[in-house]
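In: test case, fold it:
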Amino acid sequence: MRYAILLLTLFLLAVPAAQAGADAPALVERPDWQAHFDAAGVTGVMVIQKEGSPQILVSNAKRAATPYLPASTFKILNALIALDCGAVSGPDEVFPYDGQPRFLPEWNADLTLRQAFALSCVPVYQDIARRIGPTRMAKGVAAAGYGNADITGGIDRFWLEGGLRISALEQVAFLGRLNRHALPFNKDAMDTVLALMTVEQTPDHALLAKTGWATRATPQIGWYVGMVKRGPDTFSFALNIDIASPEQAKSRQTIARAILQAEGIL
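Out: The predicted structure is shown next:
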């Protein structure tokens, strides 16, 4: 009798797992997208998923599943955690300039959270990470299901040169949860970050996006991730490329936009 009960229990536990596998979106390879990477002379991948679609479009399934340092694309989650836990009061909180020369001239100024996000100001977001602290940061990254959730390597460096890794497929899954407000953060924090991400607004669509450039990786990795809202539809996307020279960094947006336009999304 106990053996029968054990078998039934194992069966019931296995059913949800099997159903979850059956419900997982199918990867559909789009080798035609490779022409855009070839034209730019770079190696990379593009992933797109329409909200609610049972399919994920990828240009290269192997690379789509390969994890890389997120670099400044982590500012999306960094801002979410900071706003949710109160480490930052809101998008207009000012971060005073410390007077030290920074990588970009635009960073050498007092900046609000909103401005620092738009300018991708690393020192401001390093300050934010220190405010959050290791305990709250580790909890937030794990709860969000962000990549491998590894924050080793320094509280203000783990996404730049430490242990954190995320794939293009994981980026798209994370962005989808943000779009659905299905992350473990308060709604105001998620709405604020979605507003921070908005880089283009037209009568037809809104483009929400963030760049990233892992300069300490070998090879260097460039990211462009985000979503396009068009009518009732939302398309999450993630692109990454190998960067061999600074000039290639521009290809992140160029390739992503070309593919999104070719698909009638942008």
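
In: buried residues, stretch 192-203. List them.
Out: T192, V193, L194, L196, M197 (16 or more other Cβ atoms under 10 Å). Quick note: C-beta positions are derived from backbone N, CA and C, even for glycine.

In: now stretch 221-241
Out: Using 16+ other Cβ under 10 Å as the test for burial, stretch 221-241 gives 221-230, 234-241.

In: what's near enough to touch A64?
Out: Going by Cβ atoms under 8 Å, 6 or more residues apart in numbering, A64 touches L27, V45, V47, V58, S167, A168, L169.

In: so where is the chain shaky, pLDDT-wise?
Out: Under the criterion pLDDT under 70, the flagged ranges of the chain are 1-22.

In: that older thread, need the contacts of A64 in CSV (columns: distance to G133, secondary structure and neighbour count).
Out: Output for those, formatted as CSV (distance: Cβ to Cβ, whole Å; DSSP: H, G, I helix; E, B strand; the rest coil; neighbours: other Cβ atoms under 10 Å):
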residue, distance to G133, secondary structure, neighbour count
L27, 38, strand, 15
V45, 34, strand, 23
V47, 32, strand, 28
V58, 36, strand, 25
S167, 27, coil, 21
A168, 29, helix, 28
L169, 30, helix, 22
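
In: tell me the one among the buried residues of stretch 192-203 nearest to P123.
Out: L196 (17.3 Å; Cβ to Cβ).

In: excluding covalently adjacent residues, which one is nearest to that closest one?
Out: F117 (4.6 Å; Cβ to Cβ, 6 or more residues apart in numbering).

In: contacting residues for that neighbour?
Out: Contacts of F117 (Cβ under 8 Å, 6+ apart): K75, A79, L196, M197, K210.

In: that one - that's part of a helix, no?
Out: Yes. Membership of F117 in a helix is supported by DSSP: H, G, I helix; E, B strand; the rest coil.

In: use 13 as the first number for this chain going forward.
Out: With 13 as the first residue, the last one maps to F129.

In: how much space between it and V184?
Out: 20 Å (Cβ to Cβ, to the nearest Å).

In: reformat the contacts of F129 as a markdown table; add distance to F49 and secondary structure.
Out: Compiled in a markdown table, the contacts of F129 are given as follows (distance: Cβ to Cβ, whole Å; DSSP: H, G, I helix; E, B strand; the rest coil):
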| residue | distance to F49 | secondary structure |
| --- | --- | --- |
| K87 | 25 | helix |
| A91 | 30 | helix |
| L208 | 28 | helix |
| M209 | 24 | helix |
| K222 | 20 | strand |
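
In: can you pull the buried residues of the helix or strand hosting R75?
Out: Secondary structure assigned from DSSP states H and E places R75 in helix 73-76. Using 16+ other Cβ under 10 Å as the burial criterion, the residues of helix 73-76 that qualify are R75, A76.

In: and stretch 177-192, what's buried?
Out: By 16+ other Cβ under 10 Å, the buried positions in stretch 177-192 come out as 177-191.

In: need the contact list for the residue nearest the centre of the chain.
Out: In the chain, the C-alpha nearest the mean C-alpha coordinate belongs to Q183, at 4.4 Å (Cα atoms, centre = their mean). Residues near Q183 by Cβ under 8 Å, 6+ apart: V59, P82, T85, W235, V237, A250.

In: swap in I144?
Out: N90, I93, A94, C97, A99, G152, I167.

In: looking at those, which is nearest Q213?
Out: Using Cβ to Cβ, N90 is the member of the contacts of I144 that lies nearest Q213, at 23.6 Å.

In: looking at this, that closest one is in a helix?
Out: Yes. Counting by three-state DSSP, N90 is found in a helix.

In: what about it, how many residues nearby?
Out: 26 (other Cβ atoms under 10 Å).
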